[in-house]
Structure formats: structure tokens, C-alpha cells
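Visitor: Let's see this in three dimensions:
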Amino acid sequence: MCWVMTGIILGLAGIWDLKSMRIPFWLLWLALLSSLVSGAYLVFSGREAWNQWLAGGIPGGISLLLSLGTREQIGYGDGLILLALG
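Guide: Numbers count the residues shown, from 1 in each chain. The predicted model follows:
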């Protein structure tokens, strides 16, 4: 179920980004909320360790640093989606 939700969010973000070069703020919050809920479920059910869950945010953090360093050649929205969905 987590993979389906992630795929839907990424699909919506991709379509929106291609059309308007922006990702809506509500979609970023939806991604963050779904990540927190699914991550909490995986950690508390014992299927995943908390450090593995937190390590999923590393690619998003690196992407945010790259967007800062390249003056948004890679957009902040892309980094935030990666950070949220890790």
C-alpha cells in the first residue's frame, strides 16, 4: 500500500512539475504526512528500524543542498519531495 501511495504522489508531482515548473505546497504536505504515517507504522510494527527510516531522507537532503548550490537548477520542490518520501 505504501508503494502505491508513493507512486501516486510522485506521478502527480511529476505531471504538475512538467506543466507548471512548480509542485503545489499541499502535495508536499501530503507526501510528508503519508511518509510519517507509513514510517511510524513500519517502525512500531518492527518491520524497519528507526535509523533505516531516517536514512531514507538522506537523498532528499543532498538534493536540497544541490539545489542551493546550483541556484535552483534542481528545484527545491524536487528536493522536498525526495526528503518527504525518502
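Visitor: Between the two ends of stretch 60-79, how far is it?
Guide: Terminal residues of stretch 60-79 lie 5 Å apart, using CA to CA, to the nearest Å.
Visitor: in it, what counts as buried?
Guide: Across stretch 60-79, burial judged by 16 or more other CB atoms under 10 Å covers Gly60, Ser63, Leu64, Ser67, Ile74, Gly75, Gly77, Asp78, Gly79. Every residue, glycine included, has its C-beta placed from N, CA and C.
Visitor: Among the residues you listed, which one sits closest to Trp26?
Guide: For those, the minimum distance to Trp26 (CB to CB) is 12.1 Å, reached by Gly77.
Visitor: if I look at that closest one, how far off is Ile23?
Guide: 4 Å (CB to CB, to the nearest Å).
Visitor: Out of the buried residues of stretch 60-79, which is nearest to Ala49?
Guide: Ala49 has its nearest neighbour among the buried residues of stretch 60-79 in Gly60, at 19.0 Å by CB to CB.
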